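Enquirer: Could you look at this predicted model? Sequence included:
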Amino acid sequence: MHDKLGMQVIPLRLLTPYESKLFTLDLVRSMNPNDLKNRKNRGKLIVELTFDPFREDSSRSSSVALDGEGNTSVRREGDGESSGGVLLVSVENAEDVEGKQHTNPYAEVLFRGERKKTKVIRKTRDPRWSEEFQFMLDEPPLEDKIHIEVKSKRRGLPFRNKESLGHVNISLGDVVNNGRINEKYHLINSRKGMIQVEIKWSTV
């Protein structure tokens, strides 16, 4: 189980475009100012943030919104033309993956030449990663596919230290049109392996 150690909030209005700003934050139990447990020392978090706009366009203005779940989104007002956006890929879990030499699974996400990896979970056929990866794009990925492969890795072995446990190729057209998909896929080249993936697309 995960332990919640503390939290903080940074108002995005404090950021200036193209300038990095360093914040040293005192962690608190909750954002309730009347919570007496906030007086306990929970340590500090050092964060560096940079606001890097997608593009400069004087004819369009932007605003940042914060929803009830603490997620931020950027809204643009203007001519309504399609622009870039953010592709969020959440690799949730896998089932019934099995290697011939070892089963220490991790997932590898490959998209437009960019490669991202989850953590390795040792000695399991049913790993739970729940890791999210972000890809910043200049245009909607209507014709693209994303490649996700489950692999096994063993430390200290010069030979056969990596092994493929199956893969899947996901078309992103439905993600762009619907904004989100959350599906379980059969892994190609795996006997019974499945993988759960959630993908979101939001424009800016």
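Expert: That came in fine, so what should we check first? Numbers count the residues shown, from 1 in each chain.
Enquirer: can you list the residues that contact the helix or strand in which Lys151 is found?
Expert: With the criterion set as DSSP states H and E, the secondary-structure element containing Lys151 is strand 145-153. Residues lying outside strand 145-153 but in contact with it, judged by Cβ atoms under 8 Å, 6 or more residues apart in numbering, are 89, 91, 94, 97, 99, 101-111, 120, 161-172, 187, 190, 193, 195, 197, 199. Every C-beta, even on glycine, is put in place using the N, C-alpha and C of the backbone.
Enquirer: For it, which residues meet the burial criterion?
Expert: With burial defined by 16 or more other Cβ atoms under 10 Å, the residues of strand 145-153 counted as buried are 146, 148-153.
Enquirer: Please tell me how far Ser190 sits from Glu95.
Expert: Using Cβ to Cβ, to the nearest Å, Ser190 is found at 10 Å from Glu95.
Enquirer: quick one, domains of this structure?
Expert: Under the assignment the TED database, the domains of the chain span 12-51, 85-203.
Enquirer: Would you tell me which one of the ones you listed is buried the most?
Expert: Here the criterion is mean neighbour count by mean count of other Cβ atoms under 10 Å, and of these the winner is domain 85-203, at a mean of 16.
Enquirer: Is Asn34 located within a strand, as I assumed?
Expert: No - per DSSP: H, G, I helix; E, B strand; the rest coil, Asn34 lies outside any strand segment and is coil.
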